[in-house]
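Asker: quick one: sequence plus predicted model below, questions after.
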Amino acid sequence: MPQRLQHLLGIEPLSAEQITSLLDMSKPFQEIQQHSLKKLATLRGKTVALAFFEPSTRTRISFGTAAARLGADTMNLQAESSSLRKGESLLDTVKTLDAMKPDLIVMRHASSGAPQFVAERLAIPVINAGDGTHEHPTQGLLDVLTVRDRLGTLADLNITIVGDILHSRVARSNLHLLAKFGCRFTLCGPAMWVPKELETLVPNVRRVLRIEEAVEGADVVLVLRVQTERLHEPQLPVDEYILLYQMTPERLRLAKPGALVLHPGPMIRGLEIDPAVADGPQSCVLEQVTNGVAVRMMLLYLLIGGPPPELPGEAPTSVAQKDSTHAAD
Ligand code: CP
């Protein structure tokens, strides 16, 4: 039974059928990115609030571009220059934005569950643009759209994820998403960042110590950003991280021929990824960014414009982790 999509708070509650539907609906918006004239009037008169309580380059600009290309106006909250600095609460801040009558809020916050908290208190749709270590659902969608375009399928793939998986909302959204398509996961990184509990997050997860073993036979390698300030936790000097975990051309050759390399950005060249891999033919980094605008246009159109926004199956809700650990991405 089709149900209305009210918010996008996480990937976990969505079904494979709903995700496939979202990816299919992104196709026309991907085509628009290739046109010389990219501006539509579909959301003319609508307003999208961009409430970023954490820094962002890709996600904030991508949502702003998506809104502009659909003809919508945006209102921008920039945490560092807002009254949050004067002690205003999250709820008072978003209620203040809401009083200016946006049609939707896109929200990034350091606390897992913050977008759900806001969605439960406002009458307008909320899109999670990354919350704590919980999820980054639009990044997950743009990642798998890129994979599906390049490989022709999401079914039954070998996915290797390297880095600080514990703190990565990108890894979490990709794990939830690709698990629904029967993918197998190999997780690799310093032991403290790849705890045993991750084996129970989704089916078919194994943890591997050596990156060479982790990469062998992979269809997709997702490289995560290293927050250098976190390297003190496993007490790992930067040089040692590079030696043990950097994605190099030699290591990538152990993956399947034509295996894809994804990185959500921001990317630290020379640390988690060798520039030859970042700029190589298997890298999807810039394609991911382009697809991000299409996915976000699709979601804005679906939630506040166009024909009745319906998805097959259950209405999604989000199960959010309640913590405020800083995310790795
Ligand atoms: N991928 C991602 O979320 O990047 P930003 O932090 O720049 O938005």
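Answerer: Yes, it's here.

Asker: quick one, what contacts the nearest residue to residue 157 once chain neighbours are set aside?
Answerer: Closest residue in space to residue 157, ignoring its immediate chain neighbours: residue 219 at 4.2 Å, by CB to CB, 6 or more residues apart in numbering. C-betas here are computed from N, CA, C, even on glycine. Going by CB atoms under 8 Å, 6 or more residues apart in numbering, residue 219 touches 151, 157-159, 255-256, 259-260.

Asker: cool, residue 131 as well?
Answerer: Here residue 131 is in contact with 107-116, 169, 320 (CB under 8 Å, 6+ apart).

Asker: give me that answer again for 6 Å
Answerer: Under the criterion of CB atoms under 6 Å, 6 or more residues apart in numbering, the contact list for residue 131 reads 109, 112, 114-115.

Asker: three-state assignment of the residue in the stretch 201-329 of the chain positioned nearest to the ligand?
Answerer: Closest to the ligand within the stretch 201-329 of the chain is residue 264: 3.8 Å, counting by CB to the nearest ligand atom. When classified by DSSP: H, G, I helix; E, B strand; the rest coil, residue 264 comes out as coil.

Asker: wait, doesn't it sit right on residue 292?
Answerer: No: here residue 264 does not reach residue 292: they are 9.6 Å apart, not a contact under CB atoms under 6 Å.

Asker: gap between the spatially most central residue of the chain and residue 279?
Answerer: Geometric centre of the chain, nearest residue: residue 139, 2.1 Å, by CA atoms, centre = their mean. Distance of residue 139 to residue 279, given as CB to CB, to the nearest Å: 21 Å.

Asker: pull the helix or strand with minimum mean pLDDT from the chain.
Answerer: Within the chain, confidence by mean pLDDT, DSSP states H and E is lowest for strand 310-311 among all helices and strands, at a mean of 60.

Asker: just checking, residue 193 touches residue 168?
Answerer: No: the pair residue 193 and residue 168 fails to qualify as a contact (CB under 6 Å) at a distance of 8.5 Å.

Asker: how is this protein partitioned into domains?
Answerer: As assigned by automatic domain parsing, the chain contains the domains 16-136+288-326, 137-286.

Asker: dump these to a markdown table, plus distance to residue 8.
Answerer: Output for the domains of the chain, formatted as a markdown table (distance: least, CB to CB, whole Å):
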| stretch | distance to residue 8 |
| --- | --- |
| domain 16-136+288-326 | 5 |
| domain 137-286 | 5 |
